[in-house]
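Asker: need a 3D model of the following:
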Amino acid sequence: MNTVESRQVLKLYPNVIPVKGYNRSLLVDLQKAKSHLVPNDLVDCLELDRTLVKEYETFILENELGLLIDEEIGACLTPLPTDYYPGSAINNAILELDENSSWSIPSVLNQLDELGAQFLEVRFLDFYSVVKNLRILQVYSNETTIESIQILVPFHKDLKAFLDSALKERFFRLSTILIYNASEGFELDVNFYKLVFTRQEAVSHDHCGNISMAQFRQNTQAYVRNMNYNSCLAHKISVDRNGWIGNCPSINSAFGHVDDTSCAEVVLENEFQKKWKWTKDKISICSVCEFRTICSDCRAFTMDNRENGKPSKCGYNPFISLWKGDENYLSEEDCGIRIENGNMIIPEEKVNEINTRIWG
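Answerer: Numbers count the residues shown, from 1 in each chain. Sure, this is the predicted structure:
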């Protein structure tokens, strides 16, 4: 009897996601929380089931990104599911407070509880607001769905003494205290929470939206969420220092005041949820970036203030694979990239010439 040998093919593990960019690709290992930059033709070969050159095959096997398997078995492998089902209407919230804030914190915390919020960030804009409201926050968050609270407070000469006194009674939901405008930056684990000192001068609206590799999240939950929703605004709600409800304190659009509008009412509005579906694939320039599935986003500060514009505080140019500050860096505009009627125009000949000049 004649037997036909099954052909061996190279398959990536389901937890290894290829993300093709304009200039190069990324293999994201969600299990190991690690990424590998690779040439685009490696991903092309994998997607088209073409035979890889030995160098590529060796790279994938040595980094445990895939395996050689019988073609018939390989055809039965299923990709990682990317369906995402939010557990609640609101997942995280931002509250902003200063010495003049007069809206009811207990009322807002109760509303967040009804919406199922799990993560809360509270931005204290001055020391007086910390003294006035920390205890209220501690008491009224205990019986809510909120699992983790990060508070941002300004450095003050009396801050340590105040915190030592205020936190004698355990603050169960507290995860992090970030002290900004400090003389130096460092971190400490203090009993049941983390204490972070940073030289950042303020937590005003202008300090939001910075994009950097340090913020990349390489895990399955973040990846699946980013494939379906905007990584920053989806299932988020905020109340600014004056009590106005919005998507984010940095976005100049309000949907009502907490004194006469409930957060639940706001969440149901189509206009409030509009930005939730702005995934990176729908954002110009980001849509051709190899980092798009693990990157954070910002819809408050965008290039040319366009709704689908790249975050203006992102310094990475995916057309030449360089970050602002790198040698030979050029902006997208310098490379001839332009947006016309919402469409991205790429002068490929010019971009190729620039890449040849930079990379040889």
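
Asker: from here on, contacts and neighbour counts on C-alpha atoms
Answerer: Noted.

Asker: tell me the buried residues in stretch 26-36?
Answerer: Neighbour-count burial for stretch 26-36, counted by 16 or more other Cα atoms under 10 Å, picks out 26-30, 35.

Asker: please apply the same query to stretch 146-154.
Answerer: For stretch 146-154, the neighbour count (16+ other Cα under 10 Å) marks 146, 148-154 as buried.

Asker: average pLDDT for it?
Answerer: Average pLDDT, stretch 146-154: 95.

Asker: same question, stretch 120-128
Answerer: On average, stretch 120-128 scores 95.

Asker: can you list the buried residues in it?
Answerer: 120-127.

Asker: how about those residues in JSON lines, adding secondary structure and distance to Lys282?
Answerer: Listed next are those as JSON lines, based on DSSP: H, G, I helix; E, B strand; the rest coil; distance: Cα to Cα, whole Å:
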{"residue": "Leu120", "secondary structure": "strand", "distance to Lys282": "28"}
{"residue": "Glu121", "secondary structure": "strand", "distance to Lys282": "27"}
{"residue": "Val122", "secondary structure": "strand", "distance to Lys282": "30"}
{"residue": "Arg123", "secondary structure": "strand", "distance to Lys282": "30"}
{"residue": "Phe124", "secondary structure": "strand", "distance to Lys282": "34"}
{"residue": "Leu125", "secondary structure": "coil", "distance to Lys282": "34"}
{"residue": "Asp126", "secondary structure": "coil", "distance to Lys282": "38"}
{"residue": "Phe127", "secondary structure": "helix", "distance to Lys282": "41"}
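
Asker: and of these, the nearest to Gln8?
Answerer: The closest of the buried residues of stretch 120-128 to Gln8 turns out to be Leu120 (Cα to Cα; 50.2 Å).

Asker: that closest one is in contact with Thr145, isn't it?
Answerer: No: proximity of Leu120 to Thr145 does not meet the contact threshold set by Cα atoms under 8 Å, at 10.4 Å.

Asker: now the helices: where do they sit in the stretch 151-300 of the chain?
Answerer: 159-166, 220-228, 263-267, 270-273 (DSSP state H, counting those that start in this stretch).

Asker: low pLDDT regions in the stretch 151-300 of the chain?
Answerer: Counting by pLDDT under 70, the stretch 151-300 of the chain shows low-confidence ranges at 204-207.

Asker: same thing but at 50, please
Answerer: By pLDDT under 50, the stretch 151-300 of the chain contains no weakly predicted segment.

Asker: quick one: the strands in it?
Answerer: 174-180, 186-190, 193-197, 236-239, 245-246 (DSSP state E, counting those that start in this stretch).

Asker: can you list the strands that the third one pairs with?
Answerer: By that I understand strand 193-197. strand 174-180 (parallel), strand 186-190 (antiparallel) (DSSP bridges).

Asker: mind checking how far the last one is from the chain centre?
Answerer: What that stands for is strand 186-190. Remark: strand 186-190 is offset 23 Å from the chain centroid, using Cα atoms, centre = their mean, to the nearest Å.
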